[in-house]
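Participant: This is the structure alone, sequence omitted:
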């Protein structure tokens with residue numbers, strides 16, 4: 001048996017049910033063996049990138065649309081990457097990491113066991129400014145009489 005064959009998921013395991021069980025028992029110990037078989041290295045890498053991009057983007061208060069415009073791509077591409085429906089190409093990933101770094105957020109994806117985000121003062125300042133800006137809020141979240149439909 002080759003290495004690749006040993007990593008294929010078992011045919012008779014219902015992984016959706018397994019994940020649902022895991023979510024419902026979040027505090028109980030979980031048998032990771034079936035999940036480890038299901039989470040191939042390639043899928044785990046895609047999930048890591050998706051989580052890291054989304055976490056860094058939201059830490060800065062950027063919408064998917066804003067992030068897409070900064071990268072020069074479509075919002076749909078961002079949504080697909082963040083939901084693991086597509087994969088980020090290396091060039092796009094490097095551009096995104098540079099944007100985050102310049103905005104005050106450093107993302108470390110090199111460790112296979114964890115994703116690390118470091119948010120520097122300028123990143124926190126940018127987030128604070130955006131959180132306090134009424135104009136940047138969704139219409140249903142704006143304060144005041146004009147924003148509420150009665």
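Facilitator: Noted; the coordinates are in hand. Because the structure is predicted, anything quoted here is derived from the model rather than measured. Residues are numbered from 1 along each chain as shown.
Participant: all contacts plus neighbour counts: C-alpha atoms, from now on.
Facilitator: Will do.
Participant: Verify the contact between residue 49 and residue 111 for me.
Facilitator: No: using Cα atoms under 8 Å, residue 49 is not in contact with residue 111, being 11.7 Å away.
Participant: who's more crowded, these two?
Facilitator: Legend: neighbour count by other Cα atoms under 10 Å for residue 49 and residue 111, higher for residue 49 (21 against 8).
Participant: partner strands of the helix or strand harbouring residue 106, parallel or antiparallel?
Facilitator: According to DSSP states H and E, residue 106 maps onto strand 105-108. Strand pairing for strand 105-108, determined by DSSP bridges: strand 116-119 (antiparallel).
Participant: which residues make contact with the strand it pairs with from outside it?
Facilitator: Residues from elsewhere that reach strand 116-119 (Cα atoms under 8 Å, 6 or more residues apart in numbering): 52, 56, 104-109.
Participant: Looking at the residues you listed, which gets the smallest pLDDT?
Facilitator: Scanning those for pLDDT, the low point is residue 109. It has 85.
Participant: circling back: can you point out the buried residues in the strand holding residue 106?
Facilitator: For strand 105-108, a neighbour-count test (16 or more other Cα atoms under 10 Å) marks 105-107 as buried.
Participant: nearest to residue 123, of these?
Facilitator: residue 105 (5.8 Å; Cα to Cα).
Participant: Longest helix in the chain, please.
Facilitator: Taking DSSP state H as the criterion, the chain has its longest helix at helix 41-59.
Participant: who's in contact with it?
Facilitator: Contacts for helix 41-59 (Cα under 8 Å, 6+ apart): 63-64, 67, 81-84, 87-88, 96, 100, 105, 107, 109, 115, 117, 123, 127.
Participant: So which of the residues you listed are in strands?
Facilitator: Per DSSP state E, strands hold the following members of those: 105, 107, 117.
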